[in-house]
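Enquirer: Quick one, structure for this:
(one chain, ligands or ions: 2)
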Amino acid sequence: MLDLEAQGIVRSQLLFGKVKAISANSVQFEFINTDHQATYFEGRRYGKGEVGEFIIIESQVNLILGRIVEIKKDDLELSNLEIVGRIQLLGSIQMDNLKVTAGIDYYPSINDLIYSAPHDFIADIPRRMNSTRPKVELEIGSIDLDKDCTITVTPEKLFGRHLGILGSTGGGKSFTTARILEECLKKNSRVILLDPTGEYRDFTSEDVFHIHLGNPIYPLKESLACKLPPESFIEADFLALFEPSGKVQGPKFREALKSLKLAKLYPNFYPEGYIPKIDAPKLNYIQIINSLTVNINDPKCSFNIDKLTLQIEHECVFPEGQEGYGSKAVKIPERWGNHDGGSFANCLPLISRINTIINSPPFDTFFDVNSNHKSLTNVIKQFASSNKDAKKLLRIDLSGIPFEYKAREIIANCIGRTLLYASRKGEFKNKPVVVFLDEAHNFIGKTIGNEDTLAKLDAFELIAKEGRKFGLNICLATQRPRDITEGVLSQLGTLIVHRLTNDRDREIVERACGEIDKAASDFLPSLQPGEAVIIGNDFPIPLTINIKKPTIKPNSEGANFQEYWA
Ligand SMILES: Nc1ncnc2c1ncn2[C@@H]1O[C@H](COP(=O)(O)OP(=O)(O)OP(=O)(O)O)[C@@H](O)[C@H]1O
Ligand SMILES: [Mg+2]
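Expert: Ligands and ions are numbered 1, 2, ... in the order given. As a prediction, this is how the structure comes out:
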């Protein structure tokens with residue numbers, strides 16, 4: 001193939017129209033001759049005036065890149081010559097080095113000539129928008145017209161402002177994710193993949209480190225069982241998980257958490273790991289409270305969850321001790337009182353709920369202090385800080401986590417928070433990490449709990465907002481953009497959008513992108529599986545890409561009726 005620079009990009013064989021009218025962001029054109037048929041040129045098909053086609057306008061000063069968005073017959077009575085079309089103006093191309101910039105420097109004039117843009121040039125647009133030649137590029141696919149014209153993008157542009165992979169179900173999001181992961185594995189990258197369905201378990205290259213929480217449906221032999229240490233949970237998580245409700249349970253629950261933390265801080269006073277209160281002296285307790293120097297509300301302040309129900313029982317006491325009965329009763333403020341049956345009865349449902357949850361899989365593996373599973377927090381830390389020869393992809397299989405008790409949301413949020421804290425400490429500064437989250441609508445922007453215990457699962461939202469500065473970027477794949485909060489969506493600087501049929505979803509995409517991309521979103525419902533439009537600040541020219549099939553495919557096939565129902 002000849003060098004584009006040497007050969008130029010304006011080919012007389014591809015001439016098809018001329019400018020008829022000009023407005024601020026579009027141009028009307030008419031065909032030059034009546035037989036404006038598609039042609040083959042250098043073995044490739046050119047529509048020469050078809051909707052969706054990229055075109056070049058040869059103006060006096062420079063070249064202008066545009067895309068045909070509409071073709072119509074001006075007046076039905078008139079001849080074929082009166083077929084006109086509208087071109088959306090996308091960017092300018094410098095004549096000498098063919099660099100592409102977004103926006104129009106000089107507008108075309110009436111009768112300027114219009115050509116179809118050569119395919120190899122279109123594929124090269126993302127690269128031609130870079131000022132220098134980058135060392136690391138990811139080849140994600142080819143232009144929709146031509147499989148040979150591959151498109152490469154830099155990780156900065158793809159992940160730098162966080163990436164969203166959107167599309168209706170079956171549009172190809174998981175395949176695209178797999179493709180991007182594969183490209184990352186070819187580089188010296190560091191990627192963490194949260195795999196909620198176990199779809200990516202076939203990524204068995206030696207660069208991949210598999211771990212799982214709970215009991216995955218399809219366990220991998222080489223996968224390492226991990227636990228989330230109770231320290232990764234904060235009070236809000238426990239509130240959301242155990243949902244203490246009403247006027248009694250909430251305060252007793254909070255009080256119990258406080259007591260357990262104190263007991264953990266002062267094992268000499270409380271060797272059993274909890275604070276006995278029923279008819280017990282207050283002395284140590286008051287001393288501790290008065291001399292407390294640590295912040296007990298610090299999320300990292302841990303406690304022994306095994307004793308939680310026992311502690312709640314001990315919170316159900318009368319505030320002061322008492323000796324004698326009736327008129328002879330004497331208050332003893334140095335002791336707590338007797339067991340308060342009324343509030344205990346109120347707390348019983350909470351206690352049984354806590355017992356059920358902490359003894360149910362997978363929580364039993366998290367909360368069992370004796371389990372010898374590795375701590376996920378440590379694994380992430382090691383993964384992020386390890387040297388060059390280390391694994392490149394850490395896959396966290398979440399398929400073993402049940403849907404009950406909002407476990408998935410809470411646990412994914414805990415993982416997000418672990419990553420966020422690590423990034424704030426600067427652990428990813430030298431080696432940026434990208435976190436991939438498939439089926440993100442299940443995890444992001446959820447608010448859970450009842451009205452007493454409302455907890456916002458906002459770890460990924462915070463990563464979207466501040467992670468960029470700490471070398472932590474996210475890539476979300478979701479089929480329901482409307483379920484993701486505005487806060488996260490507006491932080492996604494780059495979108496790979498597959499077929500998207502729902503109007504509200506498309507509206508959201510339009511809102512998330514600039515003015516120029518409105519026209520691009522009109523093409524969204526007609527995309528094929530595996531085809532996607534890439535839009536965003538760093539991609540001002542919305543290209544339609546045929547995402548290359550990954551070599552290792554995600555296991556996302558639907559049911560095979562032909563085979564099993566035959
Ligand atoms: N790049 C591609 N090339 C060829 N075929 C593809 C491509 N991407 C997707 N497909 C086809 O589309 C099907 C669905 O793709 P995929 O599982 O990635 O969809 P999805 O958007 O993740 O769906 P869901 O929302 O249900 O998870 C695949 O099984 C495959 O046959
Ligand atoms: Mg999928």
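
Enquirer: Close to ligand 2: what parts of the stretch 151-300 of the chain are there?
Expert: 173, 174 (CB under 5 Å from the ion). In short, each C-beta sits where N, CA and C put it, glycine included.

Enquirer: hey, where'd the helices end up in the stretch 151-300 of the chain?
Expert: Listed in chain order, the helices of the stretch 151-300 of the chain (DSSP state H, counting those that start in this stretch) span 155-159, 173-186, 235-242, 246-265, 283-291.

Enquirer: Nearest to residue 501, out of those helices?
Expert: Nearest to residue 501, of all those, is helix 173-186, at 14.0 Å by CB to CB.

Enquirer: Check the stretch 301-450 of the chain for the residue nearest ligand 1 and tell me.
Expert: The stretch 301-450 of the chain approaches ligand 1 most closely through residue 439 (6.7 Å), counting by CB to the nearest ligand atom.

Enquirer: Quick check, pLDDT for the residue nearest to that residue when sequence neighbours are not counted.
Expert: Leaving aside its chain neighbours, residue 439 sits nearest to residue 196 (4.9 Å; criterion: CB to CB, 6 or more residues apart in numbering). pLDDT, residue 196: 89.

Enquirer: what's near enough to touch the residue of the stretch 301-450 of the chain closest to ligand 1?
Expert: By CB atoms under 8 Å, 6 or more residues apart in numbering, the contact list for residue 439 reads 196, 197, 477, 478, 479.

Enquirer: How about stretch 265-275, which residues are buried there?
Expert: With burial defined by 16 or more other CB atoms under 10 Å, the residues of stretch 265-275 counted as buried are 265, 266, 270, 273, 274, 275.

Enquirer: gap between the residue of the chain found nearest ligand 2 and ligand 1?
Expert: Relative to ligand 2, the nearest point of the chain is residue 174 (3.2 Å; CB to the ion). Using CB to the nearest ligand atom, to the nearest Å, one obtains 3 Å as the distance from residue 174 to ligand 1.

Enquirer: That residue: what's it in contact with?
Expert: 199, 438, 477, 554, 556.

Enquirer: So the fourth one is in contact with residue 199, correct?
Expert: Yes. If you go by CB atoms under 8 Å, residue 554 and residue 199 touch, sitting 4.2 Å apart.

Enquirer: Run a quick neighbour tally on residue 23.
Expert: 10 (other CB atoms under 10 Å).

Enquirer: what's near enough to touch it?
Expert: Here residue 23 is in contact with no residue (CB under 8 Å, 6+ apart).

Enquirer: Which one of the buried residues of stretch 265-275 is nearest to residue 468?
Expert: Distances from residue 468 to the buried residues of stretch 265-275, taken by CB to CB, are shortest for residue 265, at 36.4 Å.

Enquirer: The closest one contacts residue 294, doesn't it?
Expert: Yes. Counting by CB under 8 Å, residue 265 touches residue 294, with 6.8 Å between them.

Enquirer: Common neighbours of the two, please.
Expert: residue 301.

Enquirer: Flag every residue of this structure that's near ligand 2.
Expert: So the chain meets ligand 2 at 173, 174, 556 (CB under 5 Å from the ion).

Enquirer: Using pLDDT, spot the least trustworthy of those residues.
Expert: residue 556 (70).

Enquirer: How many neighbouring residues does that one have?
Expert: 17.

Enquirer: State whether residue 139 is indeed within a strand.
Expert: Yes. When DSSP: H, G, I helix; E, B strand; the rest coil is applied, residue 139 is found to be in a strand.

Enquirer: Pull the contacting residues for it.
Expert: Here residue 139 is in contact with 150, 151, 152, 183, 548 (CB under 8 Å, 6+ apart).

Enquirer: The first one and residue 137: what is the separation?
Expert: Going back to what we said before, that points to residue 150. 10 Å (CB to CB, to the nearest Å).

Enquirer: close enough to count as contact, residue 412 and residue 418?
Expert: No. Using CB under 8 Å, residue 412 is not in contact with residue 418; the gap is 10.7 Å.

Enquirer: and these two? which has more neighbours close in?
Expert: residue 412 (26 against 21).

Enquirer: Is the residue most central in space within the chain within a helix or a strand, and which one?
Expert: For the chain, the residue nearest the mean C-alpha position is residue 476 (2.3 Å; CA atoms, centre = their mean). Using DSSP states H and E, residue 476 sits in strand 472-478.

Enquirer: Name the residues of the stretch 351-500 of the chain found near ligand 1, please.
Expert: residue 479 (CB under 6 Å from any ligand atom).

Enquirer: Residue in the stretch 351-500 of the chain with the shortest distance to ligand 1?
Expert: residue 479 (4.1 Å).

Enquirer: ok, the spatially closest residue to that residue that is not a sequence neighbour - how many residues close by?
Expert: Once flanking residues are discounted, residue 479 sits nearest to residue 169: 4.8 Å by CB to CB, 6+ apart. For residue 169, the neighbour count with other CB under 10 Å is 11.

Enquirer: Residue 169 against residue 480, yeah?
Expert: No. In this structure, residue 169 is not within contact of residue 480 by CB under 8 Å, at 9.2 Å.

Enquirer: tell me how far stretch 376-393 is from the chain's mean position?
Expert: 20 Å (CA atoms, centre = their mean, to the nearest Å).

Enquirer: for it, what is the average pLDDT?
Expert: Rounded mean pLDDT across stretch 376-393 is 81.

Enquirer: Could you check how many residues crowd around the residue in the stretch 451-566 of the chain that ligand 1 sits nearest to?
Expert: Closest to ligand 1 within the stretch 451-566 of the chain is residue 530: 2.6 Å, counting by CB to the nearest ligand atom. Residues lying near residue 530 (other CB under 10 Å) number 19.

Enquirer: ditto for residue 255
Expert: Residue 255 has 17 nearby residues by other CB under 10 Å.

Enquirer: and what of residue 340?
Expert: Residues lying near residue 340 (other CB under 10 Å) number 19.

Enquirer: so who does it touch?
Expert: Counted by CB under 8 Å, 6+ apart, residue 340 has contacts 316, 317, 318.

Enquirer: Tell me where the model's unsure across the stretch 1-150 of the chain.
Expert: Low-confidence regions of the stretch 1-150 of the chain, defined by pLDDT under 70, span residues 1-6, 34-36, 74-81.

Enquirer: And the helices in it, which stretches?
Expert: According to DSSP H, counting those that start in this stretch, the helices that the stretch 1-150 of the chain contains are 4-7, 119-123, 125-128.

Enquirer: Out of those helices, which one sits most buried?
Expert: Of all the helices of the stretch 1-150 of the chain, helix 119-123 carries the top mean neighbour count, a mean of 21, counting by mean count of other CB atoms under 10 Å.

Enquirer: Does that helix pack against any helices or strands, and if so which?
Expert: strand 138-143, strand 146-153 (3 or more CB pairs under 8 Å, 6 or more residues apart in numbering; DSSP states H and E).

Enquirer: mind running it again at 6 Å?
Expert: Counting contacts by 3 or more CB pairs under 6 Å, 6 or more residues apart in numbering; DSSP states H and E, helix 119-123 packs against strand 146-153.

Enquirer: Run through who's touching the strand holding residue 476.
Expert: 159, 162-165, 173, 177, 423, 428, 433-438, 440-441, 463 (CB atoms under 6 Å, 6 or more residues apart in numbering).

Enquirer: next structured bit after it?
Expert: helix 486-489.

Enquirer: List the buried residues in that next one.
Expert: 488, 489.

Enquirer: Now the element after it, going C-ward?
Expert: Taking DSSP H and E, what comes next after helix 486-489 is strand 494-497.

Enquirer: export that following strand as CSV, just CAs?
Expert: What follows is strand 494-497, C-alpha atoms only, in CSV (Å, rounded to 0.1, in the frame of the first residue of the first chain):
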residue,chain,number,x,y,z
THR,A,494,-15.1,7.6,26.1
LEU,A,495,-17.9,5.4,25.0
ILE,A,496,-18.0,2.3,22.8
VAL,A,497,-21.6,2.0,22.0
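
Enquirer: And whatever helix or strand comes next after it, how far out from the chain middle?
Expert: As assigned by DSSP H and E, the chain's next helix or strand after strand 494-497 is helix 503-512. How far helix 503-512 lies from its chain's middle: 17 Å, per CA atoms, centre = their mean.
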